[in-house]
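**Q** 3D, please:
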Amino acid sequence: MGGIPPLGYDNINKKLIINPGEADMVRSIFEKYNELESLNELHQWCIANNVKNKQWTTQKDTLLGGTVFCKHALNNLLRNPVYIGKVRNKKTNEIYPDLHDGIIPSELFNKTQELLSQNNNRQTSQCLHRRYMLHRKIFDMAGNMFTNKSTGKSTVRHYCRLVCYLAAGDIERITCDTIQELLNGDLSQLIPADIAQTWKAIDIESMTYDARTKLLKTLLARAVYNNSHMTFYINIAQIADEFQTPCHTNTCNVPLSTNVCLSNDGQHIIIERPVIINNRVSTNRYETCGRTVMTMQENNLQLTRALAYGWRYKSMFERGITIEQIAKTEHKAERTIYKYLALAYLSPKIVSDIMNGSAPAVDLQTLFNIAAKHMDFKEQEKEFYHS
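**A** The predicted structure is shown next:
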């Protein structure tokens with residue numbers, strides 16, 4: 001077999017030979033998909049665990065691949081019969097046995113195909129809504145509802161209101177994290193003991209995407225988006241047995257933060273969480289895989305990583321390594337290296353505030369612009385703290 005071999009194999013003398021390290025990764029992907037039963041959650045798992053696609057070297061000694069999996073690539077991997085020792089005829093779509101060894105047991109592969117077909121066989125609007133955990137739950141400050149919006153052949157999901165597009169995966173992740181933090185808190189001062197007991201039996205982390213969606217339909221009254229924060233209104237109600245995990249009790253009782261309070265009518269718990277819209281830039285994929293909505297903590301982490309890259313490239317440059325060589329080593333464009341390099345010459349006050357988490361809501365692109373525009377520290381600080 002010629003060309004680029006699939007993840008899990010190496011092409012040796014035109015034969016597919018199993019690459020043990022990559023093969024373990026392939027098995028983990030199949031097993032995790034069958035556990036999560038959601039391509040979207042599998043994609044998030046791959047990002048969190050730094051699982052990347054095949055990396056190879058061209059005949060010109062250029063290193064390619066090794067990037068974060070997109071959902072389309074994960075779908076193709078899960079459907080590829082090469083992992084059970086077979087090949088697909090591209091013209092007829094028929095599958096034939098091949099001479100190479102498989103990586104995945106046939107039972108696991110067949111189960112995966114059934115699950116993929118079930119998740120893809122959702123043609124009615126009612127079923128399509130299941131792909132949106134917060135369907136009819138997100139509103140703007142004026143009370144207008146965000147609608148579901150899919151782009152890129154329905155693979156990129158957003159919640160949309162006029163020209164405001166919120167990445168669905170980001171908003172859903174922030175919502176689930178917020179609920180989890182609430183469940184980890186000391187609920188005794190907010191809700192009756194019998195309700196708190198049912199809440200403490202919820203194990204969100206072990207739930208599938210569909211189970212979390214059903215839970216939020218019960219627990220979340222609405223989420224209100226503003227440019228700088230999300231406000232969550234949580235229903236105070238008993239949780240049905242179907243959402244409680246047997247033998248699971250959350251023993252955490254962390255003191256709740258000041259951004260958690262009861263509504264005036266006592267029917268809801270209100271939680272405010274600062275967020276920031278991070279407009280997609282070419283460098284995002286190196287830091288947060290292109291997220292468009294982040295918590296302030298995630299944004300500060302992104303800025304800190306960017307500073308670390310800048311200092312690293314500055315050190316390399318001062319040792320006599322050219323920008324062209326740095327770009328080749330880091331697999332980034334030269335203009336990207338220049339952007340990061342400029343961050344190494346930011347005001348010490350700005351750097352200090354970013355590192356200790358007290359920086360204002362400034363995204364990475366704005367930081368790049370400030371570093372490129374101003375060499376004077378006072379001018380940098382003026383724009384940074386008033387942007």
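**Q** low-confidence ranges in this structure?
**A** 1-2, 119-130, 151-155, 278-291, 387 (pLDDT under 70).
**Q** using the record's assignment, carve it into domains.
**A** Listed by automatic domain parsing, the domain ranges of the chain are 9-120, 128-277, 290-384.
**Q** could you dump these to JSON lines with distance to residue 3 and mean neighbour count?
**A** In short, each C-beta sits where N, CA and C put it, glycine included. As requested, the domains of the chain are exported to JSON lines (distance: least, Cβ to Cβ, whole Å; neighbours: other Cβ atoms under 10 Å):
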{"stretch": "domain 9-120", "distance to residue 3": "8", "mean neighbour count": "15"}
{"stretch": "domain 128-277", "distance to residue 3": "25", "mean neighbour count": "16"}
{"stretch": "domain 290-384", "distance to residue 3": "21", "mean neighbour count": "17"}
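**Q** strands of the stretch 151-300 of the chain, residue ranges please.
**A** 156-161, 164-167, 220-225, 229-235, 260-262, 268-277, 293-295 (DSSP state E, counting those that start in this stretch).
**Q** mind listing the strands the second one pairs with, and their directions?
**A** To tie it back to what came earlier, the one meant is strand 164-167. Sheet partners assigned to strand 164-167 using DSSP bridges are listed as strand 156-161 (antiparallel).
**Q** now the fifth one
**A** Each strand paired with strand 260-262, and its direction, by DSSP bridges: strand 268-277 (antiparallel).
**Q** check contacts around the nearest residue to residue 211 once chain neighbours are set aside.
**A** For residue 211, ignoring the flanking residues on the chain, the nearest one in space by Cβ to Cβ, 6 or more residues apart in numbering is residue 243 at 7.5 Å. Residue 243 makes contact with 202, 211, 214, 215, 218 under the criterion Cβ atoms under 8 Å, 6 or more residues apart in numbering.
**Q** the last one and residue 346: what is the separation?
**A** Relative to residue 346, residue 218 is positioned 47 Å away (criterion: Cβ to Cβ, to the nearest Å).
**Q** center of this structure, which residue is that?
**A** residue 44 (4.7 Å; Cα atoms, centre = their mean).
**Q** need the three-state assignment for that one.
**A** Three-state assignment for residue 44 (DSSP: H, G, I helix; E, B strand; the rest coil): helix.
**Q** in JSON lines, list the strands of the stretch 151-300 of the chain along with distance to residue 188.
**A** Listed next are those as JSON lines, based on distance: least, Cβ to Cβ, whole Å:
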{"stretch": "strand 156-161", "distance to residue 188": "34"}
{"stretch": "strand 164-167", "distance to residue 188": "34"}
{"stretch": "strand 220-225", "distance to residue 188": "22"}
{"stretch": "strand 229-235", "distance to residue 188": "16"}
{"stretch": "strand 260-262", "distance to residue 188": "13"}
{"stretch": "strand 268-277", "distance to residue 188": "13"}
{"stretch": "strand 293-295", "distance to residue 188": "26"}
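**Q** still on that earlier bit, show me the contacts of residue 243 that map onto helices.
**A** With DSSP state H as the criterion, helices contain 211, 214, 215, 218 from among these.
**Q** my guess is the last one meets residue 240, correct?
**A** Yes - here residue 218 lies in contact with residue 240, judged by Cβ atoms under 8 Å, at a distance of 7.1 Å.
**Q** and residue 222, bridged to which residues?
**A** Residues in beta-bridge contact with residue 222 (DSSP bridges): residue 233.
**Q** tell me which element residue 354 falls in.
**A** Element membership for residue 354, per DSSP states H and E: helix 348-355.
**Q** against residue 221, how distant is residue 341?
**A** 48 Å.
**Q** returning to what we had before: of all the contacts of residue 243, which comes closest to residue 259?
**A** The nearest member of the contacts of residue 243 to residue 259, counting by Cβ to Cβ, is residue 202 at 21.0 Å.
**Q** surely the residue nearest to the centre of the chain is in contact with residue 169?
**A** Yes - in this structure, residue 44 is within contact of residue 169 by Cβ under 8 Å, at 6.7 Å.
**Q** residues contacting residue 277?
**A** Applying Cβ under 8 Å, 6+ apart, we find residue 277 in contact with 227, 292, 293, 363.
**Q** what is the nearest of those to residue 162?
**A** Lowest distance from residue 162 to the contacts of residue 277 (Cβ to Cβ) belongs to residue 227, with 13.3 Å.
**Q** contacting residues for the nearest residue to residue 346 once chain neighbours are set aside?
**A** Ranked by Cβ to Cβ, 6+ apart and with sequence neighbours excluded, the top spatial neighbour of residue 346 is residue 371, at 5.6 Å. Residues near residue 371 by Cβ under 8 Å, 6+ apart: 339, 342, 343, 345, 346, 380.
**Q** can I assume the first one sits in a helix?
**A** When you say that, I think you mean residue 339. Yes - using three-state DSSP, the assignment for residue 339 is a helix.
**Q** assess the claim that it and residue 367 are in contact.
**A** No - shown here, residue 339 and residue 367 do not form a contact pair, counting by Cβ under 8 Å, at 9.4 Å.
**Q** helix or strand next in line after the helix holding residue 354, which one?
**A** helix 364-373.
**Q** mind checking which helix or strand residue 111 is in?
**A** Residue 111 belongs to helix 106-120, assigned by DSSP H and E.
**Q** stretch 334-348: how far from the chain's middle?
**A** Averaging C-alpha positions (Cα atoms, centre = their mean, to the nearest Å) puts stretch 334-348 26 Å from its chain's average.
**Q** what residues does it touch?
**A** 282-283, 286, 306-307, 309-311, 313-314, 317, 323-324, 326-327, 330, 367-368, 370-372, 375, 377-378, 380-381, 384.
**Q** for stretch 136-151, same thing?
**A** 128-129, 131-132, 135, 156-161, 164-166, 168, 171, 216, 220, 222-226.
**Q** then it to CSV, C-alphas only?
**A** What follows is stretch 136-151, C-alpha atoms only, in CSV (Å, rounded to 0.1, in the frame of the first residue of the first chain):
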residue,chain,number,x,y,z
ARG,A,136,-34.2,27.1,24.0
LYS,A,137,-32.1,27.8,27.1
ILE,A,138,-29.9,30.8,26.1
PHE,A,139,-31.1,34.4,26.0
ASP,A,140,-29.6,37.8,25.6
MET,A,141,-30.0,40.6,28.1
ALA,A,142,-33.2,41.8,26.4
GLY,A,143,-34.8,38.3,26.7
ASN,A,144,-34.3,37.3,23.1
MET,A,145,-33.7,33.6,22.6
PHE,A,146,-30.5,32.3,20.9
THR,A,147,-31.3,29.8,18.1
ASN,A,148,-29.4,26.7,17.0
LYS,A,149,-27.1,27.1,14.0
SER,A,150,-25.0,24.6,12.2
THR,A,151,-22.4,25.5,9.6
